[in-house]
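*Asks:* Generate a structure from the sequence data that follows.
(2 chains, ligands or ions: 5)
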Amino acid sequence: MAYKILARDDITSESVRMVVAAPHIARKCEPGQFIILRLDGKGERIPLTIADFDRDAGTVTIIFQKVGKTTYHLATFREGDEISDFVGPLGRHLDLGRLGTVACLGGGLGVAPIYPKVRALKAGGNYVVSIIGARRKDLVILEEEMRAHSDELFVTTDDGSYGLRGFVTDQLKLLLDEGRKFDTCLAVGPIPMMEAVCRLTAQHDLPTLVSLDTIMVDGTGMCGSCRVTVGGETKFTCVDGPVFDGHNVDWVETKRRQCRYVPQEKQALERFEKDRGSK
Amino acid sequence: MAGNGNNEKPAKKKVVEKKYPMSEQPPAERIRNFNEVPYGYDVETAVEEARRCLQCKKPVCIDGCPVEIDIPGFIEAIAEEDFAEAIRVMKSFNNLPAVCGRVCPQEDQCEKVCVLAKKFESVAIGRLERFIADYDYEHGVAPPTEIAPTKGKKVAIVGSGPAGLTAAGDLARMGYDVTLYEAFHAAGGVLRYGIPEFRLPKAILDQEVDYVKSLGVKVECNMVIGKVFTIKELLGELEFEAAFIGTGAGLPRWMKVPGENLIGVYSANEWLTRINLMRAFEFPEYDTPIWAGKNVAVIGGGNTAMDSVRTALRMGAETAKIYYRRGEKEMPARIEEIHHAREEGVQFDFLVAPDRVLGTDDGWVRGMELCRMELGEPDESGRRRPVRCEGSQFEVECDMVVVAVGTYPNPIIPETTPELELTKWGTIKVDEETGMTSVQGVFAGGDIVTGGATVISAMGAGKRAARGIDAYLTDK
Ligand SMILES: Cc1cc2nc3c(=O)[nH]c(=O)nc-3n(C[C@H](O)[C@H](O)[C@H](O)COP(=O)(O)OP(=O)(O)OC[C@H]3O[C@@H](n4cnc5c(N)ncnc54)[C@H](O)[C@@H]3O)c2cc1C
Ligand SMILES: Cc1cc2nc3c(=O)[nH]c(=O)nc-3n(C[C@H](O)[C@H](O)[C@H](O)COP(=O)(O)OP(=O)(O)OC[C@H]3O[C@@H](n4cnc5c(N)ncnc54)[C@H](O)[C@@H]3O)c2cc1C
Ligand code: SF4
Ligand code: SF4
Ligand code: FES
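*Replies:* Ligands and ions are numbered 1, 2, ... in the order given. Next comes the predicted model:
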């Protein structure tokens, strides 16, 4: 069985949204869970967050950033094309429940995975303050969707082309310095961003949850590729996470493990681009 | 062709004392490729070997086989060059002979008890099994498998390892409408992701899986049962009348020593899955990356450790060493695998266990600190327990470590099926005879029940459960 792409659009020059027919996953998944896909018989397995789903239509939406071979390749898939393998829903469903006032920080493509959580938090009666960041104005994603499900929304850009000039942490710091109180912080984005958020929130004793994007193979707990150290204990991101207490994550180790295939990833992307160029 | 081709009883002839050898790829060559190591018998050798069998009145070899194959029966047919009959006999007991003939620990099972083994070498039952399966795939001599008229009842099988494939195949033959759910994108379980290409070519496994499909079994991959459907939902909304759980013992056990999360430390599952299932040995043709060390240390003494270390050589390791906490005699790996590993240049260090993995400043493995062991009193497994010799710690250099110290059952199904009774090891409790769990209509077998065992014992459990399910659904 293959999984058909029913809709596809470029939401920025670097990221793509796809709606995929996967009725059995749509029927069961919860906000914050993820899928693992494999494009074709020679593909690798990569995890992507379930950004949205429609139980009646039997569809799952994914949003991904083009960063390497597989995501560039997937970006060439059109409406009507099929993805060979699509497994899920994986990861723990985190029932956030009623936390009170929650700061939700999405950095870069981290906005896609945080969006379903923001929606669930808002629906659960929480007061949601969202801060989303990107390098430039044209790379900001899901602004309208996030605004619709947040009580307050702030945007930051690295170059100041839109919203506050700086990082999402700068905006959070402004709010904290103003004396704003939060019960919990949720941060999803590149590792350096999540680490910076945790450094800041630790100073304010603000409990902080992060969603880790470790390198995975199976996604069911059988390989340990995704392992991280949290509070001195080894955890598997795919079955124990992907959400963890950010103040307890061993960031140094997490960063190192995340980079362990960089030379191979570079080689794969160059090869892919060369192949495409020659076609 | 050798032999006189009549029906004269081979027992009257002088006994050939040794097994006919099976030719193999020379070690120096094979450590540079992933091709299968033994080539298998040709027709002449197989017939000669089959004629070594005494056709005993009381064939004790059958008692040594967990699925009770009519061993003298299929061997006699080979001796008589009636290959269609040989494969027919074989397949009436065993759906996966090409696999078993290759990976069964024959030396501890059928061949161990063969009467010839008392004075000489046993009949090469495993090699003959492999021969007849391969002969059939090449020449297609097997008569079509008989399938009973449909019973109009649906059975779900979860997990496509040897237990699941066997239960599925047997139930389909009995006329059940069988759907097999597998979490990975390809069927086969450990046969797919664990056992390397050079011991069990995936093309052979594909043929075995295709055979099971040809019996009418529907295989649905990418289905993590427990996540996508619970067992309860399979029996409820999805209208299956019985379910079989054969999800194996796929969770890696760790050493729990400092440094285990350094880069370059792999669980055997990750190392083997990247290479076998994802074919990282063909990177960049295949997308999955792998990083392979030059001085490789593998911790453990089972088949998994042997597969990991031999794979490391093929991935370019200059030295590859096994560190095992008991002695050579206690190693659970198959003798043939240990022998092949030695031939290929694998080194062994016995009675040692790592205290920690040592890292470089930037987080890669640079070595290990190990401690010498001695054997003390026997433990619950009956093997003597290794005891630390304090003060004997020493360091070794290596740039990659594979941890192959055992596995646990995967908890996804038990966690989502709380009614299932488990043992204290997390394995599922079943009725020995029928394979039924504490939940009506739910059966289980293979490594999820026994903990890590063998392919053929998982198949035996699949067979018993198929009979158990048939009896349950006939009475229901
Ligand atoms: C639970 C989870 C949810 C995720 N959700 C999203 C999402 O919604 N949108 C999105 O764009 N990305 C998401 N990611 C990250 C995404 O999986 C990677 O961007 C993708 O695997 C990159 O593959 P590539 O071949 O294109 O790039 P590569 O060139 O292979 O890798 C680029 C970088 O991506 C990371 N990466 C590589 N392989 C994997 C792998 N198998 N698993 C995880 N990370 C890997 C590494 O840091 C690597 O340096 C998620 C990751 C996890 C673990
Ligand atoms: C590296 C290695 C080498 C070995 N070598 C030998 C050997 O030479 N000889 C020998 O006899 N034995 C050997 N063994 C042991 C043997 O392979 C196992 O005992 C046997 O495969 C167990 O079979 P099984 O059907 O119980 O489970 P498995 O083969 O483990 O299959 C279980 C299947 O279930 C799937 N699954 C798990 N959870 C779910 C879920 N929730 N939903 C759907 N599917 C799921 C898994 O993906 C897997 O495909 C070896 C084992 C390993 C790891
Ligand atoms: S299945 Fe295994 S034990 Fe049984 S006859 Fe074949 S090799 Fe021997
Ligand atoms: S015990 Fe050995 S010799 Fe006797 S029938 Fe079995 S295989 Fe043949
Ligand atoms: S991805 Fe293999 S254990 Fe998590």
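*Asks:* Verify the assumption that residue A:235 is located in a helix.
*Replies:* No. If the criterion is DSSP: H, G, I helix; E, B strand; the rest coil, then residue A:235 is strand and not within a helix.
*Asks:* can I assume it is in contact with residue A:227?
*Replies:* Yes. Here residue A:235 lies in contact with residue A:227, judged by C-beta atoms under 8 Å, at a distance of 6.8 Å. No exception for glycine: its C-beta is placed from N, CA and C like everyone else's.
*Asks:* More neighbours: which of the two?
*Replies:* Each of residue A:235 and residue A:227 had its neighbours counted (other C-beta atoms under 10 Å in any protein chain shown), and the higher figure belongs to residue A:227 (24 against 19).
*Asks:* Report the contact partners of the more buried one.
*Replies:* A:214, A:234-237, A:257, B:261 (C-beta atoms under 8 Å, 6 or more residues apart in numbering or on different chains).
*Asks:* With respect to ligand 5, which of the residues you listed is nearest?
*Replies:* Relative to ligand 5, the closest of those is residue A:236; by C-beta to the nearest ligand atom it sits at 4.6 Å.
*Asks:* Quick check, pLDDT for residue B:12.
*Replies:* Looking at residue B:12, its pLDDT stands at 54.
*Asks:* for the stretch 301-450 of chain B, what spans make up the strands?
*Replies:* Assigned strands in the stretch 301-450 of chain B, in chain order: B:319-324, B:347-350, B:352-359, B:365-378, B:384-388, B:394-397, B:400-403, B:407-408, B:442-444 (criterion: DSSP state E, counting those that start in this stretch).
*Asks:* ok, now how distant is residue A:235 from residue A:202?
*Replies:* For residue A:235, the distance to residue A:202 equals 20 Å [C-beta to C-beta, to the nearest Å].
*Asks:* Figure out the helix or strand that residue 216 lives in.
*Replies:* Using chain A here. In this assignment (DSSP states H and E), residue A:216 forms part of neither any helix nor any strand.
*Asks:* hmm, I had chain B in mind actually
*Replies:* Using DSSP H and E, residue B:216 maps to neither a helix nor a strand.
*Asks:* right, and it touches residue B:180 too?
*Replies:* No. Proximity of residue B:216 to residue B:180 does not meet the contact threshold set by C-beta under 8 Å, at 10.9 Å.
*Asks:* re the thing from before, most packed of the strands of the stretch 301-450 of chain B?
*Replies:* Burial among the strands of the stretch 301-450 of chain B, expressed as mean neighbours by mean count of other C-beta atoms under 10 Å in any protein chain shown, is greatest for strand B:442-444, which shows a mean of 28.
*Asks:* wait, does that strand make contact with ligand 2?
*Replies:* No. Applying C-beta under 6 Å from any ligand atom, one finds strand B:442-444 separated from ligand 2 by no less than 9.3 Å.
*Asks:* Which secondary structure elements does that strand sit against?
*Replies:* Packing partners of strand B:442-444 (3 or more C-beta pairs under 8 Å, 6 or more residues apart in numbering or on different chains; DSSP states H and E): strand B:242-245, helix B:455-475.
*Asks:* Quick one, which of the ones you listed gets closest to chain A.
*Replies:* For those, the distance to chain A is smallest for strand B:242-245, at 14.6 Å, taking C-beta to the nearest C-beta.
*Asks:* ok so, going back, possible to save the helices and strands packed on strand B:442-444 as CSV with distance to ligand 3, mean pLDDT and mean neighbour count?
*Replies:* As requested, the helices and strands packed on strand B:442-444 are arranged in CSV below (distance: least, C-beta to the nearest ligand atom, whole Å; pLDDT from 0 to 100; neighbours: other C-beta atoms under 10 Å in any protein chain shown):
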stretch, distance to ligand 3, mean pLDDT, mean neighbour count
strand B:242-245, 20, 97, 29
helix B:455-475, 5, 94, 22
